[in-house]
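Student: Structure of the sequence below:
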Amino acid sequence: MIDKVTNTYLELVDCELPGFVQGLYLVGSAALDAWQPRLSDIDTIILTASEPTADDLAVLDKIHQSMATRPYFDAVYVPPALATAWPTHQEPVPFVVNGVFRTGKPCGELTPVVWQVFRRYGVRVRGPEIADLDVGVDPGELLRYNLDNLRDYWQASVVENTPHLAALDPAQPLDAETVVWFVTGPARLHHTAATGDIISKAAAANYLAELFPQHADLARRAAAFRAGEPAVFTLSDLREAFDSVNTVADDAWRRFGTRL
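Tutor: Numbering: from 1, shown residues only. Sure, this is the predicted structure:
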């Protein structure tokens, strides 16, 4: 499936914009050997031959609209001016999330985590070998990004969403992907803060179970869901997932914050 969708994209873009895509690399779950057909998108880094013009952007939009079905072919377009800087502050480049092409907005994928995945695990489909691209990742910047994200995004999301829990039926099954997202996301960041390496969502669930046994049952169920097994999560699971976010974030800052 990954090869089929990727090749479809290359056929379309090479026909419409010959020579524009100089490099294409798989990142995300496809690079981490954790891709699941019913859950995962195809995440890519695309190196372009030039800064895209308005006409180029219109063509790319049309191409991605034609491919806007699951699994989504998501992409970050990196023009030559940025392909040696490897920007990490969400600079506004063309990008695709959930099949939607976006321009003129901060790209949330331009982070030290993405470049660490790219450098260590990226899969070359087209273009120079990744080792020849001199992808730079500053360890201090990687640590700072993960710790800040734990506090400013994940813990802030818990604070924002907790008041809405009162309106939920305790017996009603919840969207499993949402619950698993809260279980696995912070654990991935904790692991990176601890090791400098990047792991998959399923591996992050197992990491959470080992590091914080009080959340082991929920974490193992989340790992099973990521592996393709059916699972039902309810309000009590979401509350525990929120608790795990704070447990993980507070522990990461206590352990690794002194390194900043």
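Student: where do the helices sit along the stretch 151-260 of the chain?
Tutor: Remark: helices assigned in the stretch 151-260 of the chain by DSSP state H, counting those that start in this stretch are 156-161, 176-195, 201-211, 216-226, 235-256.
Student: Tell me which of the ones you listed sits nearest to A34.
Tutor: helix 201-211 (5.7 Å; C-beta to C-beta). C-betas here are computed from N, CA, C, even on glycine.
Student: before we move on, the earlier item: any chance of the helices of the stretch 151-260 of the chain in TSV, with mean neighbour count too?
Tutor: Listed next are the helices of the stretch 151-260 of the chain as TSV, based on neighbours: other C-beta atoms under 10 Å:
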stretch	mean neighbour count
helix 156-161	13
helix 176-195	22
helix 201-211	21
helix 216-226	21
helix 235-256	19
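Student: Show me the strands in the stretch 1-150 of the chain, by range?
Tutor: 21-27, 42-48, 73-78, 95-97, 100-102, 123-126 (DSSP state E, counting those that start in this stretch).
Student: Please tell me how far the first one is from the chain's geometric centre.
Tutor: Averaged C-alpha coordinates place strand 21-27 at 16 Å from its chain's average position (C-alpha atoms, centre = their mean, to the nearest Å).
Student: Need the residues that contact that strand.
Tutor: 2, 6, 10, 13-14, 42-49, 114, 117-118, 121-128, 130 (C-beta atoms under 8 Å, 6 or more residues apart in numbering).
Student: Report how many residues lie close to the residue nearest to Y121 when sequence neighbours are not counted.
Tutor: Leaving aside its chain neighbours, Y121 sits nearest to A31 (4.3 Å; criterion: C-beta to C-beta, 6 or more residues apart in numbering). When neighbours are defined as other C-beta atoms under 10 Å, A31 has 21 of them.
Student: hang on, the earlier thing: just send the strands of the stretch 1-150 of the chain back as JSON lines, with mean pLDDT too.
Tutor: Shown next, in JSON lines, are the strands of the stretch 1-150 of the chain (pLDDT from 0 to 100):
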{"stretch": "strand 21-27", "mean pLDDT": "98"}
{"stretch": "strand 42-48", "mean pLDDT": "97"}
{"stretch": "strand 73-78", "mean pLDDT": "97"}
{"stretch": "strand 95-97", "mean pLDDT": "96"}
{"stretch": "strand 100-102", "mean pLDDT": "96"}
{"stretch": "strand 123-126", "mean pLDDT": "98"}
